[in-house]
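[1] sequence unknown, structure follows:
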Ligand code: HEM
């Protein structure tokens, strides 16, 4: 046989092989796309084979998901590339799943690469089970003992507010972007609670921790990061690879910084003098009945969780609140009037003052409704085959609370697209708390720090207004309808000018 013939047979064979390989892959991906986890799975958009609805997610995913929710109903499924995710689009659907059937809907999926760094430890990413019950119970009990929801915590927040006001005085008179500065207060409140100490704002260790947080939450590769959370197989593709490495480096650096503080605690730990969360944990580790749950890794990751979940979240909420004030001068005026009448210039704000400050409370609640900073909360996972609204949702399915859709549900809210704090004030001028404003989610996986966050948001917000007049320092002030998507939904950058009152 001539070499030409061999070569021609070889290439014909390869082309046939390529043809059949490509055809097989096409059939496989079409089958993957067409197949649902269960014939009775909730309805929803499936997008394109292989990539699912990803091409639709580029602009404003929360609006796209909202529109689909209006079309498909309270429980819908969305095909995100190879993954079927169930979205709960109304308060009632979330309440039915997370509260009434909490045991079935409170797992956490293994979100890689978070799992590589954190394992099944801490509070946020731990799966549902005995360890999580034990650790959440311990966390709630310890946070309450350390003052959460009580006068002691108010004192801690007001003391931190005193330092923050001094810091803000140095910035008075010129346009400043405070988005990251709020972390000084919210971060220190967590540090006092978890580590028993506050840091000076220019302390290198403190600044380093915030730099790390900023890298993670504000860096412009959040979409890439979110994608590789779900799709392990994209890790080796260059843009994802880099984003993954930076994410893991940041997480490891935060864990190392936290470990340094824990090691200092171990050196001077005294069982009869529990100063903070770390001490309370070390006590259980040495003397408790369930030592198996109180491991070093669990402590390290829990402190990381409290710091990460408790800092940027409250700061972003404050950033939205001040942006709201600048966008709605009538409410701004009314709120400042309440602050002046109830607190004057010298009274320390207290949660009890909320009763006398209906417009302030209504404004905070409306900002939390209108701009939930975690619009799709944190992903849950079903722990067994389960049924919701007549649909079958198999064990292990990813479930996302669509807080944004619940907050804009036209069956719950009149003119939901209108920013209207007045909707939370009754005819007698009193503030009406709404259980359907759920920025902290619902059920047994709801935010562990909700009480603390509500306290710091109120006390810091009115504390700043008591001491400073706030003016816009940005020529084109963003509206409340523009934001930045990432792990959190934050404001677009804007500047304010503070005038000392
Ligand atoms: C305005 C501020 C905050 C908002 C809007 C917020 C919101 C949330 C949301 C939506 C979740 C997920 C719930 C779910 O999975 O369904 C969550 C979880 C969590 N939050 Fe917050 N949070 C805030 C502040 C805080 C603070 C101050 C702390 C710290 C003490 C904290 C600690 C946690 C923890 C530990 C979890 C995990 C709970 C679990 O997985 O069981 N958060 N938060």
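    That came in fine, so what should we check first? It should be emphasised that the depicted structure is a prediction, and the values quoted were computed from it without experimental measurement.

[2] residue 161 versus the closest residue to residue 193 other than its chain neighbours, what's the distance?
    Excluding its sequence neighbours, the residue lying closest to residue 193 (Cβ to Cβ, 6 or more residues apart in numbering) is residue 146, at 5.3 Å. Backbone N, C-alpha and C define where each C-beta goes, glycine included. Residue 146 is 18 Å from residue 161, where distance means Cβ to Cβ, to the nearest Å.

[3] picking that back up, which residues sit in contact with the residue nearest to residue 193?
    Contacts for residue 146 (Cβ atoms under 8 Å, 6 or more residues apart in numbering) come out as 152-153, 193, 276-277, 280.

[4] among those residues, who's most crowded?
    Taking other Cβ atoms under 10 Å as the neighbour criterion, residue 277 ranks highest of these with 25 neighbours.

[5] for the most centrally placed residue in the chain, what are phi and psi?
    With distances taken as Cα atoms, centre = their mean, residue 374 lies nearest the centre of the chain, 4.5 Å away. The phi/psi pair for residue 374 (degrees, to the nearest 10) reads phi -120, psi 80.

[6] check the residue nearest to residue 420 when sequence neighbours are not counted and give its pLDDT.
    Nearest residue to residue 420 in three dimensions, chain neighbours excluded: residue 366, at 6.6 Å (Cβ to Cβ, 6+ apart). Turning to residue 366, the model gives it a pLDDT of 98.

[7] residue 280 contacts residue 144, doesn't it?
    No. At 11.2 Å, residue 280 does not count as touching residue 144 under the criterion of Cβ atoms under 8 Å.

[8] residues from the stretch 1-150 of the chain in reach of the ligand?
    With the criterion set to Cβ under 6 Å from any ligand atom, the stretch 1-150 of the chain comes near the ligand through 123-124, 136.

[9] my bad, the chain
    Near the ligand, when you scan the chain using Cβ under 6 Å from any ligand atom, you find 123-124, 136, 305-306, 309-310, 313-314, 317, 373-374, 377-378, 401, 439-441, 445-449, 452-453, 457.

[10] which ones among those residues are found in strands?
    residue 401 (DSSP state E).

[11] please spell out the ChimeraX selection for the buried subset of the residues of the chain next to the ligand.
    The following ChimeraX line selects those of these that are buried, judged by 16 or more other Cβ atoms under 10 Å:
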select :123,124,305,306,309,310,313,314,317,373,374,377,378,401,439,440,441,445,446,447,448,449,452,453,457
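
[12] can you list the residue ranges for strands in the stretch 351-500 of the chain?
    380-381, 386-388, 391-393, 398-401, 468-472, 483-484, 490-491, 496-500 (DSSP state E, counting those that start in this stretch).

[13] for the stretch 101-250 of the chain, that is, sorry about that
    For the stretch 101-250 of the chain, strands defined by DSSP E, counting those that start in this stretch do not occur.

[14] give me the residue from the stretch 151-300 of the chain nearest the ligand.
    Across the stretch 151-300 of the chain, no residue is closer to the ligand than residue 190, which sits at 6.2 Å (Cβ to the nearest ligand atom).

[15] if we can go back for a sec, a markdown table for the strands of the stretch 351-500 of the chain, including mean pLDDT and distance to residue 32?
    As requested, these are exported to a markdown table (pLDDT from 0 to 100; distance: least, Cβ to Cβ, whole Å):
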| stretch | mean pLDDT | distance to residue 32 |
| --- | --- | --- |
| strand 380-381 | 95 | 20 |
| strand 386-388 | 97 | 23 |
| strand 391-393 | 97 | 19 |
| strand 398-401 | 95 | 16 |
| strand 468-472 | 96 | 51 |
| strand 483-484 | 86 | 33 |
| strand 490-491 | 91 | 35 |
| strand 496-500 | 96 | 50 |
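
[16] most tightly packed of the ones you listed?
    Highest mean neighbour count among the strands of the stretch 351-500 of the chain (mean count of other Cβ atoms under 10 Å): strand 398-401, with a mean of 24.

[17] just checking: what are the partner strands of that strand?
    Partner strands for strand 398-401, per DSSP bridges, with pairing direction: strand 83-88 (parallel), strand 380-381 (antiparallel).

[18] quick one: end-to-end length of stretch 476-496, please.
    In stretch 476-496, first residue to last residue: 12 Å (Cα to Cα, to the nearest Å).

[19] which ones are touching the closest residue to residue 145 other than its chain neighbours?
    In this structure, residue 145 finds its nearest non-sequential neighbour in residue 280, 7.2 Å apart by Cβ to Cβ, 6+ apart. Going by Cβ under 8 Å, 6+ apart, residue 280 touches 138, 142, 145-146, 274.
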